[in-house]
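>>> The following comprises the amino acid sequence and a computationally predicted model.
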Amino acid sequence: MITILLLLVAYLLGSIPSGLWIGHYFFHKNLRDFGSGNIGTTNTFRILGKKAGTIVFAMDLLKGTLATVLPLIFGIETISPALFGLFAVLGHTFSIFNHFQGGKAVATAAGMLLGYSPKFILLLVVVFFITFYLTSMVSFASVLSAGVAAILVLVLPAFHLIFTSYDWLFTSIVLFIACFIIVRHRDNITRIRNKTENIFNFGLNITHQKHNI
């Protein structure tokens, strides 16, 4: 029973629509009406600025981490912490507080990995920032990092790097979330192919996208 309750708590944690609430209470703006209409970190940066974007990113990250460590806090050892992180990711994407809509799950998924394996997320952060610098696109960096995560979670345990053995539930969850993130970015992928994706004024923009944020 306690496990079910904590999974529900993990979902509710993930459901907290950080960007939506911060935009509403502090800026009197509904993020769903501006930019991409997304309530996640990138659109918050674009519409509300760096400070708000940083706060939203931190909140979305930490709710994934907190959900993942819930079983450790309550001494539950019979189920992988990654499952609790998955519920937070699903909550973030299908928020009960936002008509079962939400962000694209990148920050909360990163938080889940931070709670489960800091070394693994550190490796992915390196991939993300190198890609972001080269392309100037958060979307491209997010999609590539998700793809790399899917590959590494299959490869690393075979060589006892970071993971000493396979945890197939964790592996399945990472594969699912990676595919989920890529699918959630399908519109971005289309714009990237058409060279019309939004970019930040940072990095090299090697794909020559035309829309600056």
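Looks like it arrived, so ask away.
>>> Tally up the residues packed near the nearest residue to Phe27 once chain neighbours are set aside, please.
Of all residues not flanking Phe27 in the chain, Leu48 sits nearest, at 5.4 Å (CB to CB, 6 or more residues apart in numbering). From N, CA and C alone the C-beta is placed, and that goes for glycine too. For Leu48, the count of nearby residues is 21 (other CB atoms under 10 Å).
>>> shouldn't Leu48 be in contact with Trp21?
No - the criterion here is CB atoms under 8 Å, and Leu48 misses it with Trp21 at 11.7 Å.
>>> pLDDT score for the residue nearest to Phe27?
Leu48 carries a pLDDT value of 94.
>>> which ones are touching it?
19, 22-23, 27, 29, 31 (CB atoms under 8 Å, 6 or more residues apart in numbering).
>>> List the contacts of the residue nearest the centre of the chain.
Geometric centre of the chain, nearest residue: Val106, 1.5 Å, by CA atoms, centre = their mean. Taking CB under 8 Å, 6+ apart as the criterion, Val106 is in contact with 40-41, 142, 145-146, 181.
>>> which of these count as buried?
40-41, 142, 145-146, 181 (16 or more other CB atoms under 10 Å).
>>> shaky segments in the chain?
212-213 (pLDDT under 70).
>>> Tell me where it has helices.
With DSSP state H, the ranges of helices along the chain come out as 2-15, 18-26, 41-48, 50-73, 81-93, 106-116, 118-135, 138-155, 168-184, 186-193.
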